[in-house]
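K.L.:
Sequence first, predicted model second:
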Amino acid sequence: MKYSLRSSFARQTLILFFLVLLLTLLGRAVTLTGAAAYCQGWPVCMPTHPVGWLQLVHRLAVVLASIQMAWVMRKAWREQRENTLLLPMTTVLGVLFFGQALIGSLEVTHGLARHLAVLHGLTAVSLWFALLGLTLVAGVQAVDPVSIPVLDARQRLKDFFALSKPLIVALLLVTTYAGLVAGGKQWPSFQLGFWTLLGGALAAGGSSALNQYIDRELDKNMQRTAKRPLASERLTAAEGLAFGLALCLTSYYVLAGFVNLLAALLSLAGIFYYVFFYSVWLKKATVQNIVIGGGAGAIPPMVGWAAATGRLDLAALILFGIVFMWTPPHFWALAIVRQKDYARAGVPMLPVVRGEEETRRQILIYTFALVAVTLLLPLFNLTGTIYLISALLLGLSLLYTAWRVWKVPGNKVAWTMYRWSSMYLAFIFLALMLDAVL
């Protein structure tokens with residue numbers, strides 16, 4: 001296939017290429033001449049020396065390139081929503097472009113920490129590779145649509161919201177915020193709490209979207225997931241992939257730019273763990289998928305702790321262990337209820353492979369282990385009386401529910417275990433927060 005500019009999308013992408021090239025050359029000229037020192041202030045500056053005009057022109061070029069970038073992204077989401085290469089590439093390019101602009105603004109207003117300077121350089125290289133790739137692919141693949149369908153904006157918003165699995169995100173944010181409070185031994189500032197939770201929400205939502213993109217065909221075979229936006233084809237695969245990649249990339253820029261490097265790296269590790277290690281490989285490969293894959297969901301409290309302290313301590317590792325041990329009994333209870341779904345989809349969940357009786361026994365064993373891990377915090381004198389009493393009472397309640405799952409057949413008690421275990425996790429992390437501040 002030959003490169004062509006017959007499509008308007010390819011032409012607009014080529015214009016963007018030259019605008020970013022101009023922007024890069026002007027930025028280099030500003031660096032070489034030291035023009036930034038003669039045109040200070042943000043976002044508008046007034047030159048105090050002729051060379052300062054280079055800085056002002058550079059900022060105007062940023063505005064022009066930003067407008068063109070936004071326009072190309074708009075065209076991609078309107079005209080290329082079926083293209084699983086062009087739409088994700090354009091979206092990733094947009095995140096890289098505006099992420100670079102964010103770092104540039106932080107450099108002007110606050111100066112750059114070393115890790116942000118490195119990120120600035122890596123983003124510049126990635127941006128150019130992405131832009132060159134998009135320009136070439138657009139010239140080969142982009143086709144002007146005969147007509148652009150009128151889409152229900154409200155329904156699409158609902159579908160993208162559902163794609164992020166908001167209930168799971170909410171539970172993960174509880175554990176993130178608890179790590180933030182427990183690590184700092186106080187309620188965090190509004191700014192730190194906001195950026196940490198925003199970065200965490202974007203990472204969790206993006207990972208969930210990518211998980212649904214990977215599982216879109218599998219989800220069609222399960223009653224519980226058949227109505228998901230990608231499985232039901234209300235959203236295209238390209239939209240799901242682009243949305244997930246955008247949220248995950250944005251989360252890193254938010255955490256690296258406004259929180260700290262360790263929190264950003266831990267969140268990124270969680271994304272890779274969940275998307276590649278669990279969704280791509282473990283889920284369909286082994287009956288231990290939930291046990292090993294639980295590490296992904298156990299990272300958020302460590303992110304909160306790192307956001308508050310800039311380091312990881314023993315308490316943060318125990319918080320990881322709590323969520324890690326909580327995951328198997330929680331999801332195995334669901335697997336009992338949805339056993340036929342998992343069997344039909346070919347997912348080797350424990351009740352499908354080893355039977356319901358063994359699953360019920362493992363739920364009880366892991367619940368004992370979970371309660372034991374929660375008591376490590378007071379054992380090492382890392383928490384006080386409020387947490388100790390709460391962990392004991394909540395643990396006894398969860399153990400009783402797990403014992404009933406082991407003894408009482410049927411789905412009703414398993415469903416109760418699934419629902420109560422979610423509340424248990426939220427309550428025990430709430431107790432951790434209250435203990436830290438009171």
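P.N.:
Perfect, thanks for sending it.
K.L.:
and the closest residue to Val143 other than its chain neighbours, what pLDDT?
P.N.:
In space, and not counting its chain neighbours, Val143 is closest to Ser7: 5.6 Å by C-beta to C-beta, 6 or more residues apart in numbering. (Each C-beta comes from the backbone N, C-alpha and C, glycine too.) pLDDT, Ser7: 92.
K.L.:
Tell me who's in contact with Ser7.
P.N.:
Residues near Ser7 by C-beta atoms under 8 Å, 6 or more residues apart in numbering: 138, 142-144.
K.L.:
Enumerate every residue touching the residue nearest to Leu376 when sequence neighbours are not counted.
P.N.:
Using C-beta to C-beta, 6+ apart and skipping residues adjacent in sequence, the residue nearest Leu376 is Ile318, 5.1 Å away. Applying C-beta under 8 Å, 6+ apart to Ile318 gives the contacts 373, 376-377, 380, 382.
K.L.:
ok so, going back, so which of the contacts of Ser7 is the most crowded?
P.N.:
Ala138 (30 neighbours; other C-beta atoms under 10 Å).
K.L.:
how about that residue, what does it touch?
P.N.:
By C-beta under 8 Å, 6+ apart, Ala138 lies in contact with 7, 9-10, 13-14, 86.
K.L.:
SS state for it?
P.N.:
Secondary structure state of Ala138, per DSSP: H, G, I helix; E, B strand; the rest coil, is helix.
K.L.:
Any idea how far the helix or strand where Gln191 lies is from the middle of the chain?
P.N.:
Assessed by DSSP states H and E, Gln191 sits inside helix 190-214. From the chain centre to the centre of helix 190-214 is a distance of 4 Å (C-alpha atoms, centre = their mean, to the nearest Å).
K.L.:
what packs against that helix?
P.N.:
Applying 3 or more C-beta pairs under 8 Å, 6 or more residues apart in numbering; DSSP states H and E, one finds that helix 190-214 contacts helix 153-163, helix 166-184, helix 237-258, helix 261-272, helix 300-309.
K.L.:
Follow the chain on from the fourth one and name the next helix or strand.
P.N.:
Yep, that's helix 261-272 we're talking about. Elements were assigned by DSSP H and E; along the chain past helix 261-272, the next helix or strand is helix 283-285.
K.L.:
can you redo the helices and strands packed on helix 190-214 as TSV with mean pLDDT and mean neighbour count?
P.N.:
Formatted as TSV, the helices and strands packed on helix 190-214 follow (pLDDT from 0 to 100; neighbours: other C-beta atoms under 10 Å):
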stretch	mean pLDDT	mean neighbour count
helix 153-163	95	14
helix 166-184	96	22
helix 237-258	97	24
helix 261-272	96	22
helix 300-309	98	28
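K.L.:
still on that earlier bit, the residue nearest to Leu376 and Leu377, how far apart?
P.N.:
6 Å (C-beta to C-beta, to the nearest Å).
K.L.:
dump the residue contacts of the residue found closest to Leu197 once you drop the neighbours it is linked to in the chain.
P.N.:
Nearest non-adjacent residue to Leu197, counting by C-beta to C-beta, 6+ apart: Leu173, 5.5 Å away. Contact analysis of Leu173 by C-beta under 8 Å, 6+ apart lists 197, 200-201, 204, 300.
K.L.:
Just send these back as JSON lines, with distance to Ala61 too.
P.N.:
JSON lines is the format used below for those (distance: C-beta to C-beta, whole Å):
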{"residue": "Leu197", "distance to Ala61": "34"}
{"residue": "Gly200", "distance to Ala61": "34"}
{"residue": "Ala201", "distance to Ala61": "33"}
{"residue": "Ala204", "distance to Ala61": "36"}
{"residue": "Pro300", "distance to Ala61": "39"}
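K.L.:
just those residues now: which is nearest Val337?
P.N.:
Taking C-beta to C-beta as the measure, Ala204 is the one of these closest to Val337, at 23.7 Å.
K.L.:
The closest one reaches Ser164, doesn't it?
P.N.:
Yes: at 7.5 Å, Ala204 counts as touching Ser164 under the criterion of C-beta atoms under 8 Å.
K.L.:
ok, the two, which is more surrounded?
P.N.:
Using other C-beta under 10 Å, the more surrounded residue of Ala204 and Ser164 is Ala204, with 31 against 21.
K.L.:
And the more buried one, how far from Pro50?
P.N.:
Distance, Ala204 to Pro50, by C-beta to C-beta: 50 Å.
K.L.:
can you check Pro351 too?
P.N.:
Pro351 sits 75 Å away from Pro50, going by C-beta to C-beta.
K.L.:
who's more crowded, these two?
P.N.:
The neighbour comparison of Pro351 against Pro50 (other C-beta under 10 Å) goes to Pro351, with 25 against 9.
K.L.:
And the more buried one, what's its pLDDT?
P.N.:
pLDDT for Pro351: 92.
K.L.:
Restricted to buried residues, select the contacts of Ile318 in PyMOL.
P.N.:
The buried residues among the contacts of Ile318 can be selected in PyMOL (16 or more other C-beta atoms under 10 Å) with this line:
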select buried, resi 373+376+377+382
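K.L.:
Just the ones in helices from the contacts of Ile318, please.
P.N.:
Among the contacts of Ile318, the members falling in helices (DSSP state H) are 373, 376-377.
K.L.:
And those, which is closest to Glu107?
P.N.:
Nearest to Glu107, judged by C-beta to C-beta, of the ones in helices among the contacts of Ile318 is Leu377 at 40.5 Å.
K.L.:
Would you check that the closest one makes contact with Ala316?
P.N.:
No: in this structure, Leu377 is not within contact of Ala316 by C-beta under 8 Å, at 10.8 Å.
K.L.:
Next up, the contacts around the residue lying closest to Ala61 once chain neighbours are set aside.
P.N.:
Distance criterion C-beta to C-beta, 6+ apart; nearest residue to Ala61, sequence neighbours excluded, is Leu23 at 4.6 Å. Leu23 is in contact with 58, 61-62, 65, counting by C-beta under 8 Å, 6+ apart.
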